[in-house]
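Asks: Sequence first, then the predicted structure:
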Amino acid sequence: MDEELAGRATKTLGVGDLPLEGKKSVMDFQSNNTSSRDIQESDLPIEGEGDQRMIVASDNKKTTKKKRCLIITLVVMLLILIGVCVGVVVTLSGGKDKSGDSEKFTAASGNGDSITMNDGSSGTVDDLIDSGGSSPKPPSPFPARNPTPVPITRTKVEDVKDYVISRQISKREDLTRDGSPQDLAAMFMAEDVYPLPDETTFYNDTIFWTERYVATVFYYSMGGKSWTNEFNFLTPNMTTCQWGQTYMRPSGLFRVGIGCTRNFRIGDITLDQNNLVGSLPAELGFLSEIRYFSIISNSVSGTFPDRLKYWRKLIIFDAYANSLSGEIPEWIANWSTIRSIRLSSNELSGTLPPGMKNLTEVSFMFLDDNLFEGSLDNLGNCRKLTSLYLEDNDFEQKVDSNFLPNLNLLLRFDVSDNELTGEVPVHLFSGGLLDVLDIHGNQLTSFPDTIPKGNRSLGFLALQFNPLEGAFPTNTISNMVDLDHLDLTSTSLTGTMPIELGTLTKLNYLFLADTAFISGTIPDDYENLNFLMDLSLKHADRIGPIPAWFGSFQKMILLDLDDNQLSGTIPSVLGNMTRLNFLMLHRNILLGTVPQELGNLQRMQYLFLDHNDLTGDISSLCSGDPKKHRITSDCAAPSNEIICTCCAVCCDDEEESKDCNIHHENDYFAGLEPQWSTTFSRLDYSTGGIVYEFVDFNITD
């Protein structure tokens, strides 16, 4: 079969020519181009034949005048024939020279940053390629011809349309619709400098022409004229591989637009944040060598075209933040080479198809923020997954010890805000690699008694907003010694507030708000957690004084002790927490004067002191922009317990004001919607739908 294909120079591209398993791809025959007919020995002129006949004619002096004329005529015809044969030989020899394409070339052209040329001058990456530098200049993929566009005629357009219809590249109904992407692409190709393939066209040239047509259909389908940057698309005097730009980055060259393989086939399309609008055209399926496809943050809509099943060499598909709809097709099984697929923030729906079991090479899968439903069982064979993001969907499944048992390489797993039931999947910890488990916002009801050993990597555990019952497994909590983030907000865990948490000295974020722990003081064991940046004990039934050891927490940004029964005075050492941005002490039974040391907290954004028995003048705390520094206290008449000239809200213990009621209705919570990729960072603070940003969140001083 391979030898037969290699000798067929006049073969043109159709749907049947898309690469299938067990067949060689078109690239295997790029170096075997031959003309449609090889030179035979009989085509060559016989050496000396003309001279011998001339000698016979000159020696025969006794022939008649009629015979002499006949012989002269034959000689002239023979000379003409010899000249024609010599011309054919020269032409065919030149054609064979052209077919050799052993030179390698990686398309990286465009208007990139300046680089140094071989002769010491400066230029772009395009100049390096065009000058024959270290990256060899590719041979022209078509026979040499005048680059001046041929004047367009309706006949040429019809020829193009007939060709793509006969090869089943585009549908007739699309081509006959005036102004359609296919119609516009046909008009462009009709006036393009590269000729329409015919029976004399090399096989590779047919492929090049087809991919150029497909790229043109894609341009018009995505509203190319309105792109932020057109990246040289549809420039007639450039090859398709030059429809893009190459930029210099610290990590190396970065290609935007179209990039090609070493054999001048389209290998990647990258058009992130470029105002693409429209639906993906089915013609893209003819780009059978494509490996990278990225259209991040555009307005691409519609469903997956079925012809994308021919992208059998795909490695990365990234359509984050678009408007794709419909279901993931069953033929996704053909993408068996894919390593990263990101479909986050689209409008995809339905269940995960069985074909996903075939994605055995995938390492990164992002399906979050869609409308998916059903179970996750069809992901169980994706054993190489390291990052799996499924949050904000409607997946439904009971979680037990058989939940995704084969994903032992997982580093990050986010399945928050779904409809999972059952227990916390602590068996996933035993793989020894898991760093992040975010399963908040589900319907999990139990926490296993034992946290398995073997995982010293778990850093992020978010369980908030699950109806968890029973006691926290304090006896094995030491198996999570590297824990950095623990959120148990709004769970129904009972028992005493676990003092064993004080052994997790690497904790930066601890959220125990709105829990059902038995009433008690703030455990002194937490004094060891001096790396804490956020601590939330809101509505946690805490009593007793505010511990003075908080003053040693130099890294703390947020301290939320709202809505408890804390008593005594505010420790003046809180003024030592110079990185503090948020201090919530409201709705307690604190008394005494407000310490003036709080004025040292220059980064303070929110200071909530209302609904206590505090007194004094806190006007010295009024510095900076009052819109950024929100202070509330019991400064309302008639009691005027606090004197404050800059408070955003003044409350009164006996008579609530409208502003104060609104202030309390906006129940402030920290850590509800954590943000992380490879590490956690919370850049905002939720205040009843209003988002406020931290100030100097990543400071290191």
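Replies: Everything's here; your move.
Asks: Quick check: Thr206 touching Leu196?
Replies: No: with contact defined as C-beta atoms under 8 Å, Thr206 does not reach Leu196; the gap is 9.9 Å. C-betas here are computed from N, CA, C, even on glycine.
Asks: Can you name the residues bridging to the spatially most central residue of the chain?
Replies: The residue lying closest to the centre of the chain (C-alpha atoms, centre = their mean) is Asp318, at 4.1 Å. Applying DSSP bridges to Asp318 gives these bridge partners: Ser294, Arg342.
Asks: Between Thr206 and Leu196, point out the one with more neighbours.
Replies: Thr206 (22 against 17; other C-beta atoms under 10 Å).
Asks: Nearest residue to that one in space, please, no chain neighbours.
Replies: Pro197 (4.4 Å; C-beta to C-beta, 6 or more residues apart in numbering).
Asks: which SS class is that neighbour?
Replies: Classification of Pro197 by DSSP: H, G, I helix; E, B strand; the rest coil places it in coil.
Asks: who's in contact with it?
Replies: If you count contacts by C-beta atoms under 8 Å, 6 or more residues apart in numbering, Pro197 has them with Thr12, Tyr163, Asp205, Thr206, Trp209.
Asks: So which of those are in helices?
Replies: Tyr163, Asp205, Thr206, Trp209 (DSSP state H).
Asks: need the residues you listed in CSV with pLDDT and distance to Pro181, can you?
Replies: Output for these, formatted as CSV (pLDDT from 0 to 100; distance: C-beta to C-beta, whole Å):
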residue, pLDDT, distance to Pro181
Tyr163, 96, 17
Asp205, 93, 24
Thr206, 95, 21
Trp209, 97, 17
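Asks: how close does the residue nearest to the centre of the chain sit to Gln273?
Replies: Between Asp318 and Gln273 the distance is 12 Å, computed by C-beta to C-beta, to the nearest Å.
Asks: what sits against Cys382?
Replies: Here Cys382 is in contact with Met356, Lys357, Leu359, Thr360, Val362, Met365, Leu407 (criterion: C-beta under 8 Å, 6+ apart).
Asks: Distance of it relative to Asp369?
Replies: 20 Å.
Asks: Please apply the same query to Met356.
Replies: 18 Å.
Asks: and these two? which has more neighbours close in?
Replies: Set Met356 next to Asp369 and count neighbours by other C-beta under 10 Å: Met356 wins out with 24 against 20.
Asks: Checking that one next. Helix, strand or coil?
Replies: helix.
Asks: residue contacts, it?
Replies: Ile328, Ile332, Ala333, Asn378, Leu379, Cys382.
Asks: now the residues you listed as TSV including pLDDT and secondary structure?
Replies: Below are the contacts of Met356 laid out as TSV (pLDDT from 0 to 100; DSSP: H, G, I helix; E, B strand; the rest coil):
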residue	pLDDT	secondary structure
Ile328	98	coil
Ile332	98	helix
Ala333	97	helix
Asn378	97	helix
Leu379	96	helix
Cys382	96	coil
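Asks: Let me know the closest of the residues you listed to Pro473.
Replies: Using C-beta to C-beta, Leu379 is the member of the contacts of Met356 that lies nearest Pro473, at 27.3 Å.
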